[in-house]
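Peer 1: sharing a sequence plus its predicted fold:
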Amino acid sequence: MKEMIKKQKELFYQKLREVNDINSLEALRLDFLSKKGQISALMKELSKIPNEKKKEYGQMINSFKQELSDQFEGRKEEILNLQEKLMIENTESYDESLPTKNPCGSYHPITLVQRELEDIFESMGFDVEDYNEIVDDYHCFEALNIPRFHPARDMQDTYYLTTPNQLLKSHTSAAQNAILRKYGPALKESGRPIRAVFPGRCFRNEAIDASHENTFFQMEGIMVDKDISISNLIFFMKTMLSEVFGREVTVRLRPGFFPFVEPGFELDIKCLICGGEGCSSCKNSGWLELCPCGMIHPNVLKHGGINSEEDPFEYTGFAFGLGLTRLAMMKYGVRDIRAFNSGDLGTLSQFVSR
Ligand code: DAH
């Protein structure tokens, strides 16, 4: 027995010297210490020897086992240290006092405006939602009360994919149906009002100039509950816009047509530059057109599974579609919309959050 242990020890040390990486070290460990390894084999041999010798040999095997475990740990650490050293040696040296070649990035102005709005709406209890850029005809138009051959589709010509029925969303309103369906059950079961905003990239087939882009951002919002009225809409819009511009704003509503709201409005704010006197920014009208909105059309609520045929006005709600890109232009005084998609860091990295 002694001879066997001695032999195994020699064999072990010989193999350990040959091991240079973690994987072969692990293989060696299994060879000796796993259930089918050499140590277990020695343990089995124990049964064959006379009882009075068992204790002595048992202890020898156990201390051999302990020795092996210590050796493995020690070698593992050696190998890891060596690997780290090699990695450091092979890394290019650098001089931290040199000026950086890559200037630090900054947030895109639209991201800044979007995040600011999200914070404001969250503080008013709104959920912030995300939605696809590729949508189907139903969500972009049909569910919004814009039937297939309705002339209102002309205002929103967009890009159609070769996959049938798939298109790039022309407005964030395309998410309304999914959001009504997502939050509708909680509204009906526990009376939790639907309050959600959903920013997103939109696409239209536009002739591009200083104020038109084929790719731009909007932020849509909806609120649905029992007895929601135009007063709620005005309150939320006024509070939100006062926050955005950092001062009290005066708003007014004008009638506007959008098939998914009834009544629909154009919401204007009193020009912040001239205070309503008339200047070049507001084209001498004293007002700036900012945000189309309205009371959600019963057909839209029906498509969203909110109201039944029998009671089409059980729940009511308002919706608005803020032009994020336009808001960013106003807030930061950007005169040419093309700057936003230009990738020009000189222009785009000048903006900081308020
Ligand atoms: N989706 C419309 C557009 O892009 C904007 C809009 C108008 C959104 C009225 C609304 C709304 O939610 O109520 O032209």
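Peer 2: All right, it came through fine. Keep in mind that this is a model prediction, so the values were computed, not measured.

Peer 1: backbone phi and psi for the closest residue to Asp227 other than its chain neighbours, please?
Peer 2: Ranked by Cβ to Cβ, 6 or more residues apart in numbering and with sequence neighbours excluded, the top spatial neighbour of Asp227 is Thr316, at 6.9 Å. All C-beta atoms are positioned from the backbone trio N, CA, C, and that covers glycine. The phi/psi pair for Thr316 (degrees, to the nearest 10) reads phi -130, psi 170.

Peer 1: Thr316 pairs with what?
Peer 2: Asp225 (DSSP bridges).

Peer 1: that one: what's it in contact with?
Peer 2: Under the criterion of Cβ atoms under 8 Å, 6 or more residues apart in numbering, the neighbours of Thr316 are 224-229, 295-296, 301.

Peer 1: now restrict the residues you listed to buried residues only.
Peer 2: Among the contacts of Thr316, those classed as buried by 16 or more other Cβ atoms under 10 Å are 224, 228, 295-296, 301.

Peer 1: which of those fall within helices?
Peer 2: Leu301 (DSSP state H).

Peer 1: and of the buried ones among the contacts of Thr316, the nearest to Thr215?
Peer 2: Of all these, Ile296 has the smallest distance to Thr215: 26.7 Å, by Cβ to Cβ.

Peer 1: which SSE is Phe235 in?
Peer 2: Per DSSP states H and E: Phe235 is located in helix 230-245.

Peer 1: same for that helix, what does it pack against?
Peer 2: Packing partners of helix 230-245 (3 or more Cβ pairs under 8 Å, 6 or more residues apart in numbering; DSSP states H and E): helix 109-123, strand 215-225, strand 251-255, strand 261-270, strand 287-296, strand 316-323, helix 324-332.

Peer 1: repeat that for 6 Å
Peer 2: For helix 230-245, not one helix or strand is in contact under the criterion 3 or more Cβ pairs under 6 Å, 6 or more residues apart in numbering; DSSP states H and E.

Peer 1: before we move on, the earlier item: distance check, the residue nearest to Asp227 against the ligand.
Peer 2: From Thr316 across to the ligand, the span is 13 Å (Cβ to the nearest ligand atom, to the nearest Å).

Peer 1: ok, now Ala210?
Peer 2: Counting by Cβ to the nearest ligand atom - Ala210 and the ligand are separated by 19 Å.
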